[in-house]
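Trainee: A predicted structure for the sequence below; I have some questions about it.
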Amino acid sequence: MSDDIPFDKRFDLPPDTVEEVVPGVRRVLCNNPSPFTYKGTVSYIIGRGQVAIVDPGPLDAAHSQALLDAVRGETVTHIFVTHTHRDHSPGVPAIKAATGALVLAEGPHRASRPLNVGEAPRLDASNDTDFRPDRALADGEVVSGNGFTIEAVTTPGHTANHMAFAFREANLLFSGDHVMAWSTPVVAPPDGAMSDYMASLDKLTRRSEPIYLPGHGAMVRDAPNFVQHYIRHRQGREASILHRLSKGEADIPTIVRAVYIGLDPRLVRAAGLSVLAHLEDLVTRGVVATDGPPAIDGRYRLV
Ligand SMILES: [Zn+2]
């Protein structure tokens with residue numbers, strides 16, 4: 001299903017080694033590879049002399065030290081955080097303690113909607129609920145550093161507080177986990193929401209940055225076109241779910257088996273949550289029905 005997106009999976013950066021990815025932006029890969037993080041989290045350093053760091057990464061002393069080594073002799077004035085998953089934000093306190101930089105993000109972790117009765121945040125272990133920015137940024141807010149101008153772009157969906165950052169001087173966007181070259185992100189209720197995610201993709205189609213620098217993997221080139229592929233991919237997945245339901249009522253494991261062919265067994269649970277995210281959206285739009293609120297163990301049918 002995902003071969004419709006022109007993924008770029010080439011990414012051979014050695015961990016905790018600094019590399020200039022485009023003029024004015026350096027990147028450092030954390031050594032935390034997994035099916036969800038690909039080769040690991042990519043932290044970015046914006047500017048020279050007086051710099052900003054995007055996503056310090058997980059709680060990982062070697063990575064924090066590699067970031068601090070990369071900026072030795074420079075002043076870190078700002079830390080930008082795309083979202084509060086544990087592979088992106090728990091490294092903030094170490095960098096802040098060492099540099100005194102101002103921490104900027106959309107806000108603390110929160111779910112995309114109120115929890116249903118008996119429902120727990122399902123990917124709780126992946127959330128950094130301790131994170132607090134020094135200052136919360138609103139959509140469109142502009143932060144000026146010495147040599148860089150950053151525009152905050154709210155992009156909820158992967159998480160409710162996901163924020164991308166446009167680096168105006170370089171005409172590129174730090175896209176976090178919202179848009180990545182190697183894969184689509186997990187959108188898992190209640191922390192994520194498919195309707196928000198699709199609206200956030202639509203929002204990017206009205207922007208012109210040709211390059212995105214994501215939280216995992218290589219840079220996204222020809223980004224506006226790539227975003228269109230992402231949108232069509234999600235529309236295709238929705239069509240596959242509706243096709244399965246056209247054959248009769250089904251539960252989520254049945255839909256996952258029908259829709260995801262050749263799925264990595266480690267990703268079955270995430271796939272179920274992604275299907276739930278689509279079903280929530282379809283129930284809200286009145287296309288699909290279920291008994292009670294959409295749930296991971298519910299049964300679904302076409303209206
Ligand atoms: Zn994430």
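Mentor: Received the coordinates, thanks.
Trainee: excluding chain neighbours, give the residue nearest to residue 244 in space.
Mentor: residue 258 (4.4 Å; C-beta to C-beta, 6 or more residues apart in numbering). Quick note: C-beta positions are derived from backbone N, CA and C, even for glycine.
Trainee: my read: residue 52 touches residue 77, true?
Mentor: Yes: between residue 52 and residue 77 there is a contact under C-beta atoms under 8 Å: 6.4 Å.
Trainee: if we can go back for a sec, so the residue nearest to residue 244 versus residue 28, what's the distance?
Mentor: Counting by C-beta to C-beta, to the nearest Å, the gap from residue 258 to residue 28 is 41 Å.
Trainee: looking at the chain, which residue is nearest the ion?
Mentor: residue 85 (3.4 Å; C-beta to the ion).
Trainee: look up phi and psi at that residue.
Mentor: Taking degrees, to the nearest 10, you get phi -90, psi 150 for the backbone angles of residue 85.
Trainee: look up how far residue 19 lies from it.
Mentor: 23 Å.
Trainee: more neighbours, the two?
Mentor: Of the pair residue 85 and residue 19, residue 85 is the one with more neighbours under other C-beta atoms under 10 Å, namely 28 against 12.
Trainee: give me phi/psi at the nearest residue to the more buried one once chain neighbours are set aside?
Mentor: Computed as C-beta to C-beta, 6+ apart, the closest residue to residue 85 that is not its neighbour in sequence is residue 126, at 5.4 Å. With angles defined as degrees, to the nearest 10, residue 126 shows backbone torsions of phi -90, psi 0.
Trainee: quick check: neighbours shared by residue 52 and residue 77?
Mentor: With contacts taken as C-beta atoms under 8 Å, 6 or more residues apart in numbering, residue 52 and residue 77 have 101, 145 as neighbours in common.
Trainee: looking at those two, which one has more neighbours?
Mentor: Neighbours were counted for residue 52 and for residue 77 using other C-beta under 10 Å; residue 52 has more, 26 against 20.
Trainee: got the residues of this structure near the ion?
Mentor: 85, 177 (C-beta under 5 Å from the ion).
Trainee: which elements pack onto the lengthiest helix in the chain?
Mentor: Assignment by DSSP state H gives helix 223-246 as the longest helix of the chain. Counting contacts by 3 or more C-beta pairs under 8 Å, 6 or more residues apart in numbering; DSSP states H and E, helix 223-246 packs against helix 194-205, strand 211-214, helix 252-259, helix 268-284, strand 299-302.
Trainee: can you put the ones you listed in JSON lines and add mean pLDDT and distance to residue 37?
Mentor: Output for these, formatted as JSON lines (pLDDT from 0 to 100; distance: least, C-beta to C-beta, whole Å):
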{"stretch": "helix 194-205", "mean pLDDT": "97", "distance to residue 37": "19"}
{"stretch": "strand 211-214", "mean pLDDT": "98", "distance to residue 37": "11"}
{"stretch": "helix 252-259", "mean pLDDT": "95", "distance to residue 37": "22"}
{"stretch": "helix 268-284", "mean pLDDT": "94", "distance to residue 37": "12"}
{"stretch": "strand 299-302", "mean pLDDT": "97", "distance to residue 37": "30"}
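Trainee: now the ones you listed in JSON lines, with mean neighbour count?
Mentor: As requested, those are exported to JSON lines (neighbours: other C-beta atoms under 10 Å):
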{"stretch": "helix 194-205", "mean neighbour count": "19"}
{"stretch": "strand 211-214", "mean neighbour count": "25"}
{"stretch": "helix 252-259", "mean neighbour count": "18"}
{"stretch": "helix 268-284", "mean neighbour count": "21"}
{"stretch": "strand 299-302", "mean neighbour count": "16"}
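Trainee: pull out the buried positions in stretch 45-65.
Mentor: Buried positions in stretch 45-65, judged by neighbour count with 16 or more other C-beta atoms under 10 Å: 45-47, 51-60, 63-64.
Trainee: and that stretch, end to end?
Mentor: Using C-alpha to C-alpha, to the nearest Å, the end-to-end distance of stretch 45-65 comes out at 14 Å.
Trainee: what do you get for stretch 295-303?
Mentor: 17 Å.
Trainee: using the three-state scheme, assign residue 89.
Mentor: With DSSP: H, G, I helix; E, B strand; the rest coil as the basis, residue 89 sits in coil.
Trainee: run a quick neighbour tally on it.
Mentor: Around residue 89 there are 28 residues (other C-beta under 10 Å).
Trainee: circling back: out of the buried residues of stretch 45-65, which sit inside strands?
Mentor: Counting by DSSP state E, those place 45, 46, 51, 52, 53, 54 in strands.
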